[in-house]
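Visitor: Return a 3D structure for these sequence lines:
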Amino acid sequence: MTRLGSMDPAAIAEYDPADFVEIFKERPAVHRFPGSMAGRVQALAATVQRDWNADAIAIWTRDHPDGQEVLRRLKGLPGFGEQKAKIFLALLGKQCGLQADGWREAAGSYGQEGAFLSVADIVDQESLGKVRANKQAAKAAAKAAKASEP
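Guide: Model prediction:
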């Protein structure tokens, strides 16, 4: 993070919250909701600092966890619900070389090979197009299902 000058979890967690929000607001903004996202990032950094000795990689490597354990650990992080944890687990497995037994099963549909459901599947423009098309199809199906409800 060039704006802050460090990716160290302690530096992020200990940064003045108001000043951290201002960093997120600098153009181009880090997120469309810079205030809430800045708080989430600081909470995540504090958790990594406190619970993982400032080593984010330990979340998926310490004590050689299986896929279900990595998923459990990810869901324990601030801002990570079921879906985000599964997507992140799929990203680790598909693009970062995670070898944990059962990671595909733990990631659910996001872990399926050739699924094109999330950022875990995006490696180029073509795969980005496939993910976008799948998301649009899912939204259309949900809208149609809602319209057919009594």
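
Visitor: going forward, measure contacts and count neighbours with C-alpha atoms only.
Guide: Noted.

Visitor: where exactly do the strands run in this protein?
Guide: In the chain, no segments count as strands under DSSP state E.

Visitor: which residues touch the residue nearest the centre of it?
Guide: The structure's the chain has its C-alpha centroid closest to Phe88; by C-alpha atoms, centre = their mean the separation is 4.6 Å. By C-alpha atoms under 8 Å, 6 or more residues apart in numbering, Phe88 lies in contact with Ala120.

Visitor: what about Ala145, distance to Lys139?
Guide: For Ala145, the distance to Lys139 equals 10 Å [C-alpha to C-alpha, to the nearest Å].

Visitor: do Gln49 as well
Guide: Gln49 is 38 Å from Lys139, where distance means C-alpha to C-alpha.

Visitor: Out of those two, name the residue with the larger neighbour count.
Guide: Shown here are Gln49 and Lys139; by other C-alpha atoms under 10 Å, Gln49 has more neighbours (19 against 12).

Visitor: Off-centre distance for stretch 124-134?
Guide: With C-alpha atoms, centre = their mean, to the nearest Å as the basis, stretch 124-134 stands 18 Å off its chain's centre.

Visitor: And for stretch 16-36?
Guide: Remark: stretch 16-36 is offset 18 Å from the chain centroid, using C-alpha atoms, centre = their mean.

Visitor: and what of stretch 82-101?
Guide: Distance of stretch 82-101 from its chain centroid, counting by C-alpha atoms, centre = their mean, is 9 Å.

Visitor: Same check on stretch 120-136?
Guide: On C-alpha atoms, centre = their mean, the centre of stretch 120-136 falls 16 Å from that of its chain.

Visitor: Give me the buried positions along that stretch.
Guide: Ala120, Asp121, Ile122, Ser127, Leu128, Lys130, Val131, Arg132, Asn134 (16 or more other C-alpha atoms under 10 Å).

Visitor: repeat for stretch 97-109
Guide: Neighbour counts over stretch 97-109 (16+ other C-alpha under 10 Å) mark Leu98, Gln99, Ala100, Trp103, Arg104, Ala106, Ala107, Ser109 as buried.

Visitor: Also stretch 27-44?
Guide: Buried residues in stretch 27-44 (16+ other C-alpha under 10 Å): Pro34, Gly35, Met37, Ala38, Gly39, Val41, Gln42, Ala43, Leu44.
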